[in-house]
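Asks: my questions are about this predicted structure, shown below with the sequence.
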Amino acid sequence: MDMRLTKDFATSAYAFAGVMFAALAVRWLFFTGFFGTDEINYTVQGLLNSQGVWRSSDYVGDVRLGINFPVGLALWLFGTSEFVANLWSLLCSLGEVVLVFLIAQRFWGLKAAVLSALLLAFTPLHAHFAGRLMADAPLGFFITLSFYALFRGDLNVSWRWHLAAGLAAGFVWWIKSHVALLYVLVFAGYLLWEKRISAKWFIMGAGFVAMVVLNSLIFWGMQGDFWHVIRMTTSGGAEYAQQQWMKTSAGFYLYYLFVDMRHTWLLGPLALLGLIASLRRNAGDDGMIRVAIWGIGLLTVFSLFVLSIKPLTFIPKQTNYMLMFLAPLALLGGYGLSRLSRPVMLGLAGLIVVLGVFGTALEQMAIRSFVANSKPTQAYLASAAGSKNIYGMTNAVRFGIYERIFAADPDKTPIIRNMKFLDDDMKWLRTKGVDQNGFVAYAVIDWQTAEWGHHGAFRSAADLPACWRPVAKLAPVSSGGGVSLVAKAIRFVELFPTNPRLMDKLENLIQPKPAVVYGIPPACEAKAIPP
């Protein structure tokens, strides 16, 4: 008997190690890094925290202690680098794969555990955000941790696990407080299923409230405002209501799970397969019921929560928010896969890995190609421009900020000024005189990012002032493990009749549009069209 237990443990350990190695490999190979959104705020605030400095702010990203504190701790322990700043996201992404493995193993055995963890590990969106310095991977991990602890508490009849579930849910508040207020509604589904109120819910509630109070006490100590985050979360619909540009369609997530599946590939159909398989085999499967309430509950809340009755407005949505419910969908999908015949199961598992690798490569290249001109712009400013006044587009400006975070001497890192200030600065620039080329300033027009950001309406060459003079073309840098993979995909697609728009999109991933440097003469009225 002991020999059998030892063999089973070894088999489980080897399977677990194999899945985790594969998960780490795909995340390492297709690491993305800088994009130019909230990761700058998180990293700057984390760096300040690592230096014992607190920057008082009302911007929502600056008050997310569940991101800023761990990032700051990593920077303090291991030094300042992009990899270290991203370590929290990477660990949380891998940690969620671990939790999915443990949940599936407990409910359905080793085969379902391997398949569920593999499915999550190779879901492109999940692997991609392991390499993004954002809140999404930690958010997904702690939401999953709260359900894992709830399940362990119920199965072991342990109040300590129920307390841990409440503490994990409370840490979600530390990451994104508005999400915490909404996702805890899913626990009501378990109340309806159990048809009774037990002590565990009060224990979980106590853990959640304790974390919220601790968060408020920290802000009381740092800013003298105990209610700071609570006020930001509950006033005016909080961050969600402010994101007017986001999608609000009730079917947004279903569309990306079953129609435009580039971010999740087979995850949606396999999750549906798991639900159908469970109904056909055993509708009373305790584990399946728990996971179904979790997954369907999150999908329902974050799809159908109503912000306004007149007009009817559902909660805003983004594709990265899907990380909140990828774990339960992977569990459902892994269960469904484990019930298929061995040849079909192995074939689909192989397809999951292949599609996951290619999809994660595309995710990486979508970002790397977008920012491909930002690094050359910074390099031009540092080497060729000297003391010139250079204006750039939003992404180049943010990349400059990002570069200074990791620079050995930030004060010597060149600064690019946002293009939107150019008109107002022209009078001052003329007083500085011209350089050896007869220009008072330079503007870098990055056609790859022209449609994004707030830098004036320079969307095409026709929008540029006629008096600007082109002086240099910058070669975009499209790098990463996905370059060769996408190039091979292009050569393969060319063998078949192909939509020209598809080919253009693929080629643009490895051959981004260049950026052009323009010189601005002193007499030039550099009219930047207002955004």
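Replies: Nice, I can see it. Numbers count the residues shown, from 1 in each chain.
Asks: please make it C-alpha for all contacts and neighbour counts, starting now.
Replies: Fine.
Asks: ok, which stretches of the stretch 301-450 of the chain are strands?
Replies: 306-308, 313-314, 390-392, 417-418, 441-446 (DSSP state E, counting those that start in this stretch).
Asks: can you spell out which helices and strands pack onto the last one?
Replies: Just to be clear, that refers to strand 441-446. Judged by 3 or more CA pairs under 8 Å, 6 or more residues apart in numbering; DSSP states H and E, strand 441-446 is in contact with strand 390-392, strand 515-520.
Asks: go through those and find the least confident stretch.
Replies: Lowest mean pLDDT within these: strand 390-392, at a mean of 86.
Asks: how far does that strand sit from the chain's center?
Replies: In terms of CA atoms, centre = their mean, to the nearest Å, the centre of strand 390-392 is set 28 Å apart from its chain centre.
Asks: before we move on, back to that, deepest of the helices and strands packed on strand 441-446, which one?
Replies: Mean neighbour count (mean count of other CA atoms under 10 Å) peaks for strand 390-392 among the helices and strands packed on strand 441-446, with a mean of 26.
Asks: list of residues touching that one?
Replies: L381, I416, R417, N418, M419, L422, A441, Y442, A443, V444, I445, D446 (CA atoms under 8 Å, 6 or more residues apart in numbering).
Asks: between the residues you listed, which is nearest G287?
Replies: D446 (51.8 Å; CA to CA).
Asks: quick revisit: how about the helices and strands packed on strand 441-446, which one is nearest M20?
Replies: Among these, strand 515-520 sits nearest to M20 (CA to CA), with 40.1 Å.
Asks: give me the sheet partners of the closest one and which way each runs.
Replies: strand 441-446 (antiparallel), strand 469-474 (antiparallel) (DSSP bridges).
Asks: picking up where we left off before, please spell out the PyMOL selection for the buried subset of the contacts of strand 390-392.
Replies: Here is the PyMOL command that picks out the buried ones among these, judged by 16 or more other CA atoms under 10 Å:
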select buried, resi 381+416+417+418+419+422+441+442+443+444+445+446
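Asks: for the stretch 351-500 of the chain, which segments count as helices?
Replies: Taking DSSP state H, counting those that start in this stretch as the test, the helices found in the stretch 351-500 of the chain are 374-383, 394-406, 422-431, 482-493, 500-510.
Asks: one step back: now the strands of the stretch 301-450 of the chain in CSV, with distance to V84?
Replies: Formatted as CSV, those follow (distance: least, CA to CA, whole Å):
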stretch, distance to V84
strand 306-308, 38
strand 313-314, 37
strand 390-392, 28
strand 417-418, 28
strand 441-446, 29
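Asks: F122: which of those strands is closest?
Replies: strand 313-314 (30.2 Å).
Asks: isn't M419 right next to M393, touching?
Replies: Yes - M419 lies in contact with M393 (CA atoms under 8 Å); the separation is 5.8 Å.
Asks: ok, back up a step: of the strands of the stretch 301-450 of the chain, which is nearest Q511?
Replies: Of the strands of the stretch 301-450 of the chain, nearest to Q511 by CA to CA is strand 441-446, at 13.6 Å.
Asks: circling back to that earlier point, redo the strands paired with strand 515-520 as CSV? Include mean pLDDT and distance to A10.
Replies: Below are the strands paired with strand 515-520 laid out as CSV (pLDDT from 0 to 100; distance: least, CA to CA, whole Å):
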stretch, mean pLDDT, distance to A10
strand 441-446, 87, 54
strand 469-474, 89, 55
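Asks: distance to I315 added to the ones you listed, as a markdown table?
Replies: A markdown table is the format used below for the strands paired with strand 515-520 (distance: least, CA to CA, whole Å):
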| stretch | distance to I315 |
| --- | --- |
| strand 441-446 | 34 |
| strand 469-474 | 41 |
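Asks: tell me which of these approaches N86 most closely.
Replies: Using CA to CA, the strands paired with strand 515-520 put strand 441-446 closest to N86, at 26.6 Å.
Asks: which other residues reach the closest one?
Replies: By CA under 8 Å, 6+ apart, the list of residues contacting strand 441-446 reads 373, 377, 388-393, 419, 429, 513-521.
Asks: got the CA positions of that strand in CSV?
Replies: This file holds the C-alpha atoms of strand 441-446, laid out as CSV (Å, rounded to 0.1, in the frame of the first residue of the first chain):
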residue,chain,number,x,y,z
ALA,A,441,12.6,71.8,-32.5
TYR,A,442,12.0,68.3,-33.9
ALA,A,443,8.9,66.2,-34.1
VAL,A,444,8.9,62.4,-34.3
ILE,A,445,5.8,61.1,-36.0
ASP,A,446,5.2,57.5,-35.3
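Asks: by how many degrees do that strand and helix 394-406 diverge?
Replies: 100 degrees (axes from the mean of the first three to the mean of the last three CA atoms, to 10 degrees).
Asks: pretty sure L299 contacts F325?
Replies: Yes - the pair L299 / F325 is scored as a contact, 6.7 Å apart, by CA under 8 Å.
Asks: show me what stretch 13-32 is in contact with.
Replies: 90, 94, 97-98, 101, 114, 117-118, 121-122, 127-128, 130-132, 357, 360-361, 364, 367-368, 480-482.
Asks: same thing with stretch 217-237?
Replies: Contacts of stretch 217-237 (CA under 8 Å, 6+ apart): W54, S56, V60, V63, S177, H178, S216, A238, E239, L307.
Asks: what are the buried residues along it?
Replies: L217, F219, F226, H228, V229, I230, M232, T233.
Asks: looks to me like the fifth one is in a helix.
Replies: To tie it back to what came earlier, the one meant is V229. Yes - assessed by DSSP: H, G, I helix; E, B strand; the rest coil, V229 belongs to a helix.
Asks: ok, back up a step: could I get the contacts of strand 390-392 as JSON lines with distance to F314?
Replies: Formatted as JSON lines, those follow (distance: CA to CA, whole Å):
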{"residue": "L381", "distance to F314": "45"}
{"residue": "I416", "distance to F314": "39"}
{"residue": "R417", "distance to F314": "38"}
{"residue": "N418", "distance to F314": "35"}
{"residue": "M419", "distance to F314": "35"}
{"residue": "L422", "distance to F314": "39"}
{"residue": "A441", "distance to F314": "47"}
{"residue": "Y442", "distance to F314": "45"}
{"residue": "A443", "distance to F314": "41"}
{"residue": "V444", "distance to F314": "40"}
{"residue": "I445", "distance to F314": "37"}
{"residue": "D446", "distance to F314": "35"}
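Asks: looking at the contacts of strand 390-392, which is nearest L279?
Replies: For those, the nearest to L279 is D446 (53.8 Å; CA to CA).
Asks: quick one: neighbours of the spatially closest residue to D285 that is not a sequence neighbour, just the number.
Replies: Spatial nearest neighbour of D285, excluding adjacent residues (CA to CA, 6 or more residues apart in numbering): S278 at 7.4 Å. Applying other CA atoms under 10 Å, we find 19 residues neighbouring S278.
Asks: before we move on, what about M426?
Replies: 19.
Asks: the helix or strand hosting V179 packs against which elements?
Replies: For V179, the element it lies in under DSSP states H and E is helix 177-183. With contacts defined as 3+ CA pairs under 8 Å, 6+ apart, helix 177-183 has these neighbours: helix 159-175, helix 228-234, helix 238-242, helix 286-304.
Asks: quick check: which of those is buried the most?
Replies: helix 159-175 (a mean of 26).
Asks: helices or strands up against that helix?
Replies: helix 65-78, helix 136-156, helix 177-183, helix 199-223.
Asks: of all these, which lies closest to F107?
Replies: helix 136-156 (10.0 Å).
Asks: below-threshold pLDDT in the stretch 201-350 of the chain: ranges please.
Replies: Along the stretch 201-350 of the chain, segments meeting pLDDT under 70 span 234-246, 281-283.
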